[in-house]
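Undergrad: sequence first, then the predicted structure, then my questions.
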Amino acid sequence: MDDIGSGPMVVACIRITDLRPQIEPLSGTVVREPWSTGLSPADAAALEYSFRIAEAWSGHVVVITAAPSSADAVLRDARALGATVLRIAGGSPSSDQAYVDELGSDERGMAGMIVAALAPLGRPSLVVCGDRSSDRGTGALPAFLAHELGAAQALGLVAITTTDQESMVVAERRLDGGWRERLHVPCPAVCSVEGAGVRLRRASLTATLAAQRTEIPQVTAAGGPGTTRGADPVGPAEVVVGPVRPFRPRTRAVPAPDSDDPRLRLLTLTGALVAHDPPTVVGPIDAAGAADALLAFLIRHGYLDTEPVGEEAATEVEW
């Protein structure tokens, strides 16, 4: 199996569902559409906490879910963020009757399939789940996962933070009357979080486009541990994710002011005495012309060193 990362493994166990299911008024059938498939606030929070803890531990994130192929779009978003993804085929109902049968059963079988799929990757240091899914709302899967892994569990949390030790996390749970309970949870552990107080990060455009061209690996699991088979998880080798930061132009060296007067030196440094190009509106213009105009502006002001490439590259653009 390929190396998917070094350091502790943090697993985000998410459930991808239809966030806006509709009910057929005549038959009462639940209608689910692929275009409305996504993460509930709790599952999005679980994914964000997984990335934060993995960064603090210098580890890697593995995202696993049991869902049909309609969930691949959400998994590609996780790939763009730098995670290793794995989808268990057959773990989500494909018919209305199967959906009803799943609602009436416990989730221990699902926990067994997830643990079996994770077995080739090694023992996770931490598993983070949403406290409850938007379509079922039982919240029982994290407890069953902790049982199957033989790990500690802390459920229904509002925050997870790391400590100086990679073998422990600090969890905060909501209590009645506005109180909070703080837990020191030893690892390996399974934690479930509420969908409040945290927002899932966004991937860069380059990583998002790269992730759209990759295939999502899947395994077939039926019945429980020991029955998982299929493809190995694909790591984020094709996606290079850098630190998320706002764009800032490169620093340019400017000559020192000649005057000894502090006021004139300040005016010179701030550019108040320099004639600037007046703001103008470019258009109407097509996409290619707009791109050439933008490149010409960046070159004219020293932000780019190369000339634009295209039919309009040699044309001076009036601003």
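TA: Perfect, I can see it now. Numbers count the residues shown, from 1 in each chain.

Undergrad: center of this structure, which residue is that?
TA: With distances taken as CA atoms, centre = their mean, Ala78 lies nearest the centre of the chain, 4.4 Å away.

Undergrad: now it: closest residue in space that isn't a chain neighbour?
TA: Counting by CB to CB, 6 or more residues apart in numbering, Val63 is the residue found nearest to Ala78 once chain neighbours are left out, at 4.4 Å. C-beta here means a position set from N, CA and C on the backbone, and glycine is covered the same way.

Undergrad: show me what that neighbour bridges to in the sheet.
TA: As for beta bridges, Val63 partners with Ala12, Val85 under DSSP bridges.

Undergrad: Phe51 reaches Ala80, doesn't it?
TA: No: in terms of CB atoms under 8 Å, Phe51 does not count as a neighbour of Ala80; the distance is 11.9 Å.

Undergrad: which one of the two is surrounded by more residues?
TA: Here Phe51 and Ala80 are set side by side on neighbour count (other CB atoms under 10 Å), and the busier one is Ala80, at 23 against 20.

Undergrad: now that one: how far from His60?
TA: For Ala80, the distance to His60 (CB to CB, to the nearest Å) stands at 15 Å.

Undergrad: could you do Ser259 as well?
TA: 56 Å.

Undergrad: what about the helices in the stretch 101-250 of the chain?
TA: 108-118, 141-149, 205-212 (DSSP state H, counting those that start in this stretch).

Undergrad: how about residues contacting the second one?
TA: Meaning helix 141-149. Defining contact as CB atoms under 8 Å, 6 or more residues apart in numbering, one finds that helix 141-149 is touched by 13, 15, 106-108, 110-112, 114-115, 123-124, 127, 129, 131, 151-153, 155, 188-192, 225.

Undergrad: from the residues you listed, which would you call buried?
TA: With burial judged by 16 or more other CB atoms under 10 Å, the buried subset of the contacts of helix 141-149 is 13, 15, 107-108, 110-112, 114-115, 124, 127, 129, 131, 151-153, 155, 188-192, 225.

Undergrad: Val11 contacts Leu126, correct?
TA: Yes: using CB under 8 Å as the test, Val11 is close enough to Leu126 to be in contact (7.2 Å).

Undergrad: where do the contact lists of the two overlap?
TA: Between them, Val11 and Leu126 share the contacting residues Ser50, judged by CB under 8 Å, 6+ apart.

Undergrad: about what we covered before: quick one: which of Ser259 and His60 has more around it?
TA: In this view Ser259 and His60 are compared by other CB under 10 Å, and His60 has more residues nearby, 22 against 11.

Undergrad: return the backbone torsion pair for that one.
TA: With angles defined as degrees, to the nearest 10, His60 sits at phi -140, psi 160.

Undergrad: gap between it and Gln153?
TA: Counting by CB to CB, the gap from His60 to Gln153 is 22 Å.

Undergrad: cool, and Pro217?
TA: 28 Å.

Undergrad: one more: Asp176?
TA: The gap separating Asp176 from Gln153 is 21 Å, by CB to CB.

Undergrad: repeat that for Ala210.
TA: As judged by CB to CB, Ala210 and Gln153 stand 36 Å apart.

Undergrad: wait, doesn't Glu166 sit right on Val10?
TA: No: distance between Glu166 and Val10: 10.6 Å, which falls outside the contact criterion (CB under 8 Å).

Undergrad: name the residues contacting each of these two.
TA: Taking CB under 8 Å, 6+ apart as the contact definition, Glu166 and Val10 share the neighbouring residues Trp57, Ser125.

Undergrad: when these two are compared, which one has more neighbours?
TA: The neighbour comparison of Glu166 against Val10 (other CB under 10 Å) goes to Val10, with 27 against 17.

Undergrad: so the more buried one: helix, strand or coil?
TA: Three-state call for Val10 (DSSP: H, G, I helix; E, B strand; the rest coil): strand.

Undergrad: chain neighbours aside, what residue packs nearest to it?
TA: Counting by CB to CB, 6+ apart, Val10 lies nearest to Ala54, which is 4.4 Å off, once chain neighbours are set aside.

Undergrad: burial count for that neighbour?
TA: Under the neighbour criterion other CB under 10 Å, Ala54 is assigned a count of 26.

Undergrad: which SSE is it in?
TA: Assessed by DSSP states H and E, Ala54 sits inside helix 41-57.

Undergrad: perfect, I'm done here.
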